[in-house]
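> just the structure for this:
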Amino acid sequence: MHHEQPAKKQPKANKKRPASGSHPTSHESVPATDHGTVHSGHEMLGFLGPYGMGREGSGTSWQPDTSPHAGIHAQYGDWMTMWHALFNGVYDNQGGPRGDTKTFVSGMVMAMAERQVEASTFGLRAMLSPDPFMGSSGYPLLLATGETADGRTPLVDRQHPHDLFMELAATYSYRLANTSSVFVYAGLPGDPALGPSAFMHRASGLDIPEAPITHHWLDSTHITFGVLTVGVVLDTVKLEASSFRGREPDQNRYDVEAPKFDSYSVRASWNPTNEISMQVSWGHLASPEQLAPMVDENRITASLSYTKPFNDGNLWATTLAWGRKYNSPGNILDGYLAESELIFTNGITLFARAERVQNDELLERGEIVTGFVAPQPVYTVNKVTLGGIYDFVRTQNMKFGLGALASRYGVPDALKPEYGDPTSYMIFVRLKIQ
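Predicted structure coming up:
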């Protein structure tokens, strides 16, 4: 049975509580500056409802309540703040005839601020990424497609860089009862109510340094310039609707683009137990691709996430997800994902990801006429990735380690002349501040 969370109240400085789903820690809060008190492991309550912050993922998405919520916390008057960061320095070697190599840095820095006034909760969130510094063409990633590097040609077998400003958002929620609330979320950019929590936020995938090839089937809207979401939380159920800009970010990764509310989505989420979170969502995206402006997309997704602490501090997190794109005009394309992480207190992290995608963008596109792309053949491709990290430096608020991963691909015979039978790998160093 889901345990009811108590009504929110403003935590007092120098008082320590474990994060949702985590184990209590023994270290005490320490003064940071004359302006605030730093708390390590201190819990921020949810921006959108009366529950632990561990339930909240990217945008307004939910995760299991047992998901870790680590960060460096401080309190400045009535405002509670938290920030954390993750950086990967990666050497990427993608094999086969269409492979390439590159060394790059990826990651994110995220900051939050929250203020509670009686039954109201005000929240501010900002997230920045170093991705634009890797160059407009991103990094090599076989079977990945989506967006453009120069406004003229599509990115194929490469993962696009994310924008410098990944999220600049504000939230307001009003507690209706001990376990229910209504909320508003606005972002420029932000993440609408569509799909599971983005891959760099969910516990099952946040330590994997490469994007999933299902990104544009499941969670590609996590950086959207113009999002307005309203919703209601009823204990373990959340219902919400968004209006947002359907066009994906352009090739200028440093700017903030003008909002345009031409698309919409709805999502239902349910956390039946502390360890499980499920969602189904549907969205209409107006003209998402810059290179095919007359093509709209309807998208439906469903996902289940499971996060289980075990053996006094270890964690197992798994996500299963499916997404379907209805291109109009165009093809109907499915994408499937299964990913899992084991995070041990001894500094070892193990992860795996398996994906199956129907893709019609892997070969050179047909001629674009008045904003339409000629129909292309659909190819079903598969990818399996295994890897791990060892953090050889671990402190209260920092981990620094070395990791590696290897990927194998399954492509149909029609693509063998293009791709061969490749194996890819990445070697990386990871710095996590939390």
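
> where does the stretch 1-150 of the chain have low pLDDT?
Scanning the stretch 1-150 of the chain for pLDDT under 70 picks out 1-43.

> return the distance of the most centrally placed residue in the chain relative to residue 356.
In the chain, the centroid-proximal residue (CA atoms, centre = their mean) is residue 198; its distance is 1.9 Å. As judged by CB to CB, to the nearest Å, residue 198 and residue 356 stand 20 Å apart. To be clear about C-beta, it is placed using only N, CA and C from the backbone, and glycine gets the same treatment.

> check residue 206 too.
Taking CB to CB, one finds residue 206 at 22 Å from residue 356.

> likewise for residue 344?
Note on residue 344: its distance to residue 356, by CB to CB, is 29 Å.

> now swap in residue 305 and tell me
19 Å.

> and what of residue 310?
29 Å.

> neighbours around residue 149, how many?
By other CB atoms under 10 Å, 17 other residues sit near residue 149.

> make that residue 261, sorry
14.

> ok, and the closest non-adjacent residue to residue 383?
residue 355 (4.9 Å; CB to CB, 6 or more residues apart in numbering).

> would you mark the buried spots in the helix or strand where the one you found lies?
Assessed by DSSP states H and E, residue 355 sits inside strand 348-359. By neighbour count on 16 or more other CB atoms under 10 Å, the buried set for strand 348-359 is 349, 351-353, 355-359.

> pLDDT (mean, whole number) over that strand?
For strand 348-359, mean pLDDT rounds to 98.

> who does that strand touch, helix- and strand-wise?
On a contact count with 3 or more CB pairs under 8 Å, 6 or more residues apart in numbering; DSSP states H and E, strand 348-359 meets strand 139-148, strand 332-343, strand 379-394, strand 398-410.

> verify the stated contact: residue 402 with residue 392.
Yes: with contact defined as CB atoms under 8 Å, residue 402 reaches residue 392; the gap is 7.0 Å.

> give me the neighbour count for residue 258.
Neighbours around residue 258, by other CB under 10 Å: 9.

> same deal with the one 10 residues further on?
Per other CB under 10 Å, the neighbour tally for residue 268 reads 15.

> so after the host helix or strand of it, what's the next helix or strand?
Assigned by DSSP H and E, residue 268 belongs to strand 263-273. Using DSSP H and E, the helix or strand that follows strand 263-273 towards the C-terminus is strand 276-285.

> how about that following strand as CSV, C-alpha atoms only?
C-alpha atoms of strand 276-285 as CSV (Å, rounded to 0.1, in the frame of the first residue of the first chain):
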residue,chain,number,x,y,z
ILE,A,276,6.6,1.5,-9.5
SER,A,277,5.6,4.4,-11.8
MET,A,278,3.5,4.0,-15.0
GLN,A,279,2.4,6.5,-17.6
VAL,A,280,0.5,6.6,-20.9
SER,A,281,0.5,9.8,-23.0
TRP,A,282,-0.6,11.1,-26.4
GLY,A,283,0.4,14.2,-28.2
HIS,A,284,-0.1,16.1,-31.5
LEU,A,285,3.1,17.8,-32.7
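
> mind listing the strands it pairs with, and their directions?
Taking DSSP bridges as the criterion, strand 276-285 forms sheet pairs with strand 263-273 (antiparallel), strand 296-310 (antiparallel).

> residue 98: which of those strands is closest?
strand 296-310 (25.4 Å; CB to CB).

> which residues touch the strand holding residue 355?
If you take CB atoms under 8 Å, 6 or more residues apart in numbering as the criterion, strand 348-359 is touched by 143, 145, 204-205, 207-208, 212-214, 217, 331, 333-343, 378-391, 401, 403, 405.

> next, the angle from it to strand 139-148.
Going by axes from the mean of the first three to the mean of the last three CA atoms, to 10 degrees, strand 348-359 is angled at 40 degrees with respect to strand 139-148.

> show me how far strand 348-359 is from its chain's centre.
15 Å (CA atoms, centre = their mean, to the nearest Å).

> residue 319 touches residue 202, doesn't it?
Yes: using CB under 8 Å, residue 319 is in contact with residue 202, at 5.7 Å.

> follow-up on the earlier one: so the strand holding residue 355 versus strand 398-410, what angle?
Using the same axes, to 10 degrees: strand 348-359 against strand 398-410 is 40 degrees.

> any stretches of the stretch 251-400 of the chain with poor pLDDT?
Applying pLDDT under 70 to the stretch 251-400 of the chain flags the ranges 364-375.

> try it again with 50
367 (pLDDT under 50).

> all helices for the chain, in order.
215-218, 416-419 (DSSP state H).

> would you turn those into JSON lines with mean pLDDT and distance to residue 234?
Below are these laid out as JSON lines (pLDDT from 0 to 100; distance: least, CB to CB, whole Å):
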{"stretch": "helix 215-218", "mean pLDDT": "96", "distance to residue 234": "25"}
{"stretch": "helix 416-419", "mean pLDDT": "95", "distance to residue 234": "48"}
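
> tell me which of those helices sits most buried.
When you average the neighbours per residue for each of those (mean count of other CB atoms under 10 Å), helix 215-218 leads with a mean of 26.

> ok, residues contacting that helix?
Outside helix 215-218, the residues that touch it by CB under 8 Å, 6+ apart are 144-146, 159, 195-196, 199, 212, 299, 301, 303, 321, 323-325, 333-335, 337, 357.

> that older thread, and the helices and strands packed on strand 348-359: which comes nearest residue 425?
Closest of those to residue 425 is strand 398-410, at 4.6 Å (criterion: CB to CB).

> just the C-alphas of the closest one, formatted as CSV.
Output in CSV follows, covering the C-alpha atoms of strand 398-410 (Å, rounded to 0.1, in the frame of the first residue of the first chain):
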residue,chain,number,x,y,z
MET,A,398,31.0,14.0,-5.3
LYS,A,399,31.8,10.9,-7.4
PHE,A,400,34.5,10.6,-9.9
GLY,A,401,35.0,7.5,-11.9
LEU,A,402,36.0,5.6,-15.1
GLY,A,403,33.4,3.9,-17.3
ALA,A,404,33.1,2.0,-20.6
LEU,A,405,30.3,0.5,-22.7
ALA,A,406,30.0,-1.6,-25.8
SER,A,407,27.1,-1.9,-28.3
ARG,A,408,26.1,-4.5,-30.9
TYR,A,409,23.6,-3.8,-33.6
GLY,A,410,21.1,-5.8,-35.6
